[in-house]
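Asker: no FASTA, just this:
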């Protein structure tokens with residue numbers, strides 16, 4: 001289905017980026033995607049398949065033709081012998097999680113937001129924390145994409161393995177993903193333990209917690225000495241035996257406190273920045289301990305109603321806590337007033353060339369500001385420190401890096417550029433953001 005886009009404006013979720021495409025289409029088949037790509041190539045224009053806009057950058061911003069993913073959704077195949085599931089690339093992660101639950105299956109790991117399409121989440125290196133694989137791309141068994149010449153390629157470890165190797169995190173620069181095949185496992189139950197900790201206790205016991213729990217996530221409240229620490233451990237409970245929070249407790253913690261009240265505090269802090277340290281101390285003292293167990297995706301994923309802007313860097317695991325301490329020193333010495341917690345996660349090394357965890361265990365540091373706040377002083381003040389520590393920016397989150405200084409951070413950056421030249425020689429999938437991070 002094709003529509004003119006005279007007054008259509010594409011915006012990302014945070015509202016930080018927008019674009020006005022010349023044409024909007026909603027392809028309902030791989031053939032329709034091929035047709036759109038071939039027309040763009042013949043006309044010398046560009047085409048982008050945008051997801052739900054949960055990237056904080058303009059990585060998916062269309063310059064000419066915008067393809068909507070809505071009609072490319074749903075599970076295509078289940079292979080219980082190989083333990084893989086194939087779904088259309090426009091499927092929201094939250095829908096895949098529910099479909100897998102009905103099948104008695106689960107992904108191994110995921111991030112805490114599930115609104116993204118599968119294509120958008122994998123292409124930008126979306127990840128969770130801990131486990132044997134943190135990133136979604138590292139859990140892929142295969143993929144199908146339409147190249148810049150209109151060719152449909154199916155790739156896996158045995159079919160076009162060189163394409164599969166690179167395209168797992170392809171930034172949307174190598175082709176339009178039309179389906180993805182994930183390694184899955186039987187549905188499992190996770191026990192969650194959430195508790196407040198002091199700065200010294202949390203950092204002093206961090207390595208011990210990471211060794212003891214399968215997934216550890218920490219949130220430090222700037223201008224305070226308080227953190228919320230989440231430790232998730234896989235259990236032997238069968239699905240149906242879990243003990244989730246009551247509806248009232250879930251509403252109180254996840255909706256009222258974490259969204260409604262927190263959103264209100266952010267609005268107050270935005271209007272009166274001087275109150276932010278006091279509000280953070282109040283929030284830190286209000287933290288309480290709780291334990292519960294539930295299906296994996298219900299534990300990993302949390303509702304995010306408060307809009308924000310985010311910068312996240314992956315630094316080498318062995319220096320990660322020292323980098324966090326240095327970030328705190330810089331924040332404490334500044335006049336910034338930071339209302340959002342700083343999130344701390346880990347990932348084991350993987351073999352995906354453009355993964356932020358490629359070839360090294362990593363510690364992720366994520367920094368946030370409310371969506372209506374100018375992020376540049378805060379993010380810009382910390383980014384040089386993170387870069388000098390060997391940090392790699394999350395591909396879907398705010399950063400100022402360019403191809404020239406990203407290339408040294410990735411051993412196989414040239415392999416990615418060579419694959420881009422092969423699969424999209426005419427730069428049908430290019431936009432300003434990709435020109436900045438990959439070159440022309």
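Answerer: Here it is on my side, so go on. For clarity, every value in this text was computed on a predicted model and none was experimentally measured. Numbers count the residues shown, from 1 in each chain.

Asker: pLDDT wise, what is the most centrally placed residue in the chain at?
Answerer: The chain has residue 126 as the residue nearest its centroid, 3.1 Å off, counting by CA atoms, centre = their mean. For residue 126, the pLDDT comes out at 97.

Asker: kindly report the same for the one 10 residues further on.
Answerer: At residue 136, the predicted lDDT confidence score is 97.

Asker: got it, and residue 281?
Answerer: Value for residue 281, per-residue pLDDT: 86.

Asker: partner strands of the one helix or strand residue 193 maps to, with direction?
Answerer: Under the criterion of DSSP states H and E, residue 193 resides in strand 189-198. Using DSSP bridges, the strands paired with strand 189-198 in its sheet are strand 226-234 (antiparallel), strand 290-295 (antiparallel).

Asker: out of those strands, nearest to residue 309?
Answerer: Closest to residue 309 of the strands paired with strand 189-198 is strand 226-234 (CB to CB; 20.9 Å). For the C-beta atoms, the positions are set from N, CA and C on the backbone; glycine is no exception.

Asker: okay, now the unreliable bits of the stretch 251-400 of the chain?
Answerer: Along the stretch 251-400 of the chain, the parts satisfying pLDDT under 70 run over 251-262, 265.

Asker: and among the strands paired with strand 189-198, the most buried is which?
Answerer: strand 226-234 (a mean of 20; mean count of other CB atoms under 10 Å).

Asker: ok, now which ones touch residue 129?
Answerer: 109, 215-217, 345-347, 364 (CB atoms under 8 Å, 6 or more residues apart in numbering).

Asker: rerun that using 7 Å as the cut-off
Answerer: With contact set as CB atoms under 7 Å, 6 or more residues apart in numbering, residue 129 has these partners: 215-217, 345-347.

Asker: what's the closest of the strands paired with strand 189-198 to residue 432?
Answerer: Ranking the strands paired with strand 189-198 by proximity to residue 432 (CB to CB) places strand 226-234 first, at 37.2 Å.

Asker: which residues does the closest one contact?
Answerer: 188, 190-199, 202, 209, 213-220, 284, 287, 299.

Asker: can you check stretch 130-141 too?
Answerer: Taking CB under 7 Å, 6+ apart as the rule, stretch 130-141 contacts 84, 107-110, 121-122, 125-128, 156, 168-169, 180-183, 210, 214-216, 346-348, 350, 352, 355, 357.

Asker: give the rounded mean pLDDT of the strand holding residue 193.
Answerer: 96.

Asker: what are the buried residues along that strand?
Answerer: 189-194, 196-197 (16 or more other CB atoms under 10 Å).

Asker: now it: how far from the chain's centre is it?
Answerer: Relative to its chain's centre, strand 189-198 lies at 22 Å (CA atoms, centre = their mean, to the nearest Å).

Asker: cool, and stretch 393-413?
Answerer: Worked out by CA atoms, centre = their mean, stretch 393-413 lies 16 Å from the chain centre.

Asker: next one: stretch 359-374
Answerer: Centre-to-centre, stretch 359-374 and its host chain are 10 Å apart (CA atoms, centre = their mean).

Asker: so which bits of it are buried?
Answerer: Buried residues in stretch 359-374, counting neighbours by 16+ other CB under 10 Å, are found at 360-371, 373.

Asker: could you do stretch 42-50 as well?
Answerer: Of all the residues in stretch 42-50, those buried under the rule 16+ other CB under 10 Å are 46-50.

Asker: stretch 76-95 too?
Answerer: Residues of stretch 76-95 classed as buried: 78, 84-93, 95 (neighbour count, 16+ other CB under 10 Å).

Asker: what's that stretch in contact with?
Answerer: For stretch 76-95, the external contacting residues (CB under 7 Å, 6+ apart) are 52, 69-70, 72-75, 96, 100, 103, 105, 110, 114-119, 121, 141, 177-185.

Asker: just the buried members of the residues you listed?
Answerer: Applying 16+ other CB under 10 Å to the contacts of stretch 76-95 flags 52, 69, 72-73, 75, 96, 100, 105, 110, 114-119, 121, 141, 177-184 as buried.

Asker: ok, back up a step: so can I have a markdown table of the buried residues of stretch 359-374 showing distance to residue 403?
Answerer: As requested, the buried residues of stretch 359-374 are exported to a markdown table (distance: CB to CB, whole Å):
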| residue | distance to residue 403 |
| --- | --- |
| 360 | 21 |
| 361 | 26 |
| 362 | 21 |
| 363 | 25 |
| 364 | 22 |
| 365 | 23 |
| 366 | 23 |
| 367 | 23 |
| 368 | 26 |
| 369 | 26 |
| 370 | 31 |
| 371 | 28 |
| 373 | 29 |
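
Asker: stretch 157-165: end-to-end distance?
Answerer: End-to-end distance of stretch 157-165: 8 Å, with CA to CA, to the nearest Å as the criterion.

Asker: next one: it to chain centre, how far?
Answerer: How far stretch 157-165 lies from its chain's middle: 23 Å, per CA atoms, centre = their mean.

Asker: now do stretch 19-28
Answerer: 24 Å.

Asker: which of the residues in that stretch are buried?
Answerer: 19, 21, 23-27.

Asker: Throw those residues into JSON lines and include pLDDT and distance to residue 419, thanks.
Answerer: Listed next are those as JSON lines, based on pLDDT from 0 to 100; distance: CB to CB, whole Å:
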{"residue": "19", "pLDDT": "96", "distance to residue 419": "26"}
{"residue": "21", "pLDDT": "97", "distance to residue 419": "26"}
{"residue": "23", "pLDDT": "96", "distance to residue 419": "27"}
{"residue": "24", "pLDDT": "97", "distance to residue 419": "28"}
{"residue": "25", "pLDDT": "97", "distance to residue 419": "26"}
{"residue": "26", "pLDDT": "97", "distance to residue 419": "28"}
{"residue": "27", "pLDDT": "98", "distance to residue 419": "24"}
